[in-house]
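[1] sequence unavailable; structure follows:
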């Protein structure tokens, strides 16, 4: 009589394989042993004579895969697009805040502290950040329109 722990372990392994989409071995089949090659799948020759071989099961799966993936990819892509849109909005917010802080610093350094040597570099940073802000805003609007169009 077999040990109940072995039976429970085999059941757990087969459930995990089924959950992950792997083919579970039928009951009573020899278990795969580490370091040993698995039994070769049934192969057929390419009718064109190119020498390429493939499993009959694999050919059937490959034909059915595009139809199954088409319906399941769209929600995942849409969710990922919404996540990217959210991150772009956050970047745009921080970029706008950086532009405002650079403007305040330039005024403080130039007017209050009278440190004119640092005004020009701050103005250059302000211009660069402003350009980034403008490009980010246009990208955000275009991406928002694209995500809205796919809804």
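    On my side now, so go ahead. Bear in mind the structure is a predicted one, so any value in this text is a computation, not a measurement.
[2] so which bits of the helix or strand harbouring residue 135 are buried?
    Under the criterion of DSSP states H and E, residue 135 resides in helix 119-149. Neighbour counts over helix 119-149 (16 or more other C-beta atoms under 10 Å) mark 119, 122, 126, 129, 130, 133, 136, 140 as buried. Heads up, the C-betas are built off the backbone N, CA and C, glycines and all.
[3] name the helices or strands packed onto it?
    Helix 119-149 sits against helix 56-107, with contacts defined as 3 or more C-beta pairs under 8 Å, 6 or more residues apart in numbering; DSSP states H and E.
[4] okay, now the unreliable bits of the protein?
    The model of the chain has pLDDT under 70 over residues 1, 22-73.
[5] in three-state terms, label residue 2 for me.
    coil (DSSP: H, G, I helix; E, B strand; the rest coil).
[6] so what's the residue count around it?
    7 (other C-beta atoms under 10 Å).
[7] so who does it touch?
    Residues near residue 2 by C-beta atoms under 8 Å, 6 or more residues apart in numbering: none.
[8] look up how far residue 14 lies from it.
    As judged by C-beta to C-beta, to the nearest Å, residue 2 and residue 14 stand 15 Å apart.
[9] and for residue 95?
    Residue 95 is 53 Å from residue 14, by C-beta to C-beta.
[10] ok, the two, which is more surrounded?
    residue 95 (19 against 16).
[11] isn't the more buried one right up against residue 132?
    Yes - contact criterion C-beta atoms under 8 Å: residue 95 and residue 132 qualify, at 5.9 Å.
[12] quick one: contacts for residue 85?
    Listed by C-beta under 8 Å, 6+ apart, the contact set of residue 85 reads 140, 143, 144, 147.
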